[in-house]
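[1] Below is the sequence, then the predicted model.
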Amino acid sequence: MREARPLDMVDRHPVPRGCVPTMKDATVRRLQALEEEYAFEVNAAVGEDRSDLVAALVDEYPDAALEVLRGDAA
């Protein structure tokens with residue numbers, strides 16, 4: 001069993017050494033970055049007791065993710 005580490009010490013999305021990212025890898029990385037950005041914004045909104053902003057961010061996220069996917073399909 002691995003030792004638990006704080007999240008800020010964990011590389012959530014490592015690329016193997018010598019691996020050249022493909023378009024699919026790039027898409028995954030953009031989606032992961034989008035998720036991290038939205039999680040940060042939602043957490044900040046929760047901290048400010050802004051349920052209206054949380055709801056707006058939750059509503060926006062699927063469309064933003066779809067735009068990443070569409071951009072890579074073009």
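    Here it is on my side, so go on.
[2] And for A33, the neighbour number?
    12 (other CB atoms under 10 Å). (Glycine included, C-beta is placed from N, CA and C.)
[3] And it, what's its pLDDT?
    Here the pLDDT value assigned to A33 is 96.
[4] residues contacting it?
    Applying CB atoms under 8 Å, 6 or more residues apart in numbering to A33 gives no contacts.
[5] Next, work out how far apart it and F40 are.
    11 Å (CB to CB, to the nearest Å).
[6] can you check A64 too?
    For A64 relative to F40 (CB to CB), the value is 14 Å.
[7] Which of the two has more residues huddled nearby?
    Per other CB under 10 Å, whichever of A64 and F40 has more neighbours is A64, with 14 against 10.
[8] Which helix in the protein has the most residues?
    Longest helix in the chain, counting residues (DSSP state H): helix 23-47.
[9] Any buried residues in that one, and which?
    Across helix 23-47, burial judged by 16 or more other CB atoms under 10 Å covers 27, 30, 38, 41-42, 45.
[10] cool, and stretch 67-74?
    For stretch 67-74, by 16+ other CB under 10 Å, it's V68.
[11] Stretch 45-56 now?
    Buried residues in stretch 45-56 (16+ other CB under 10 Å): 45, 54.
[12] Neighbours of E60, how many?
    12.
[13] and it, backbone torsions?
    phi -80, psi -30 (degrees, to the nearest 10).
[14] Let me see the contact set for the nearest residue to E41 once chain neighbours are set aside.
    Counting by CB to CB, 6 or more residues apart in numbering, L57 is the residue found nearest to E41 once chain neighbours are left out, at 5.5 Å. Listed by CB under 8 Å, 6+ apart, the contact partners of L57 are 38, 41-42, 45.
[15] out of those, who's nearest L69?
    Using CB to CB, Y38 comes nearest to L69 of the contacts of L57, at 15.2 Å.
[16] thought that closest one was touching D63?
    No. Between Y38 and D63 there is no contact under CB atoms under 8 Å: 11.4 Å.
[17] Show the end-to-end separation of stretch 45-57, please.
    9 Å (CA to CA, to the nearest Å).
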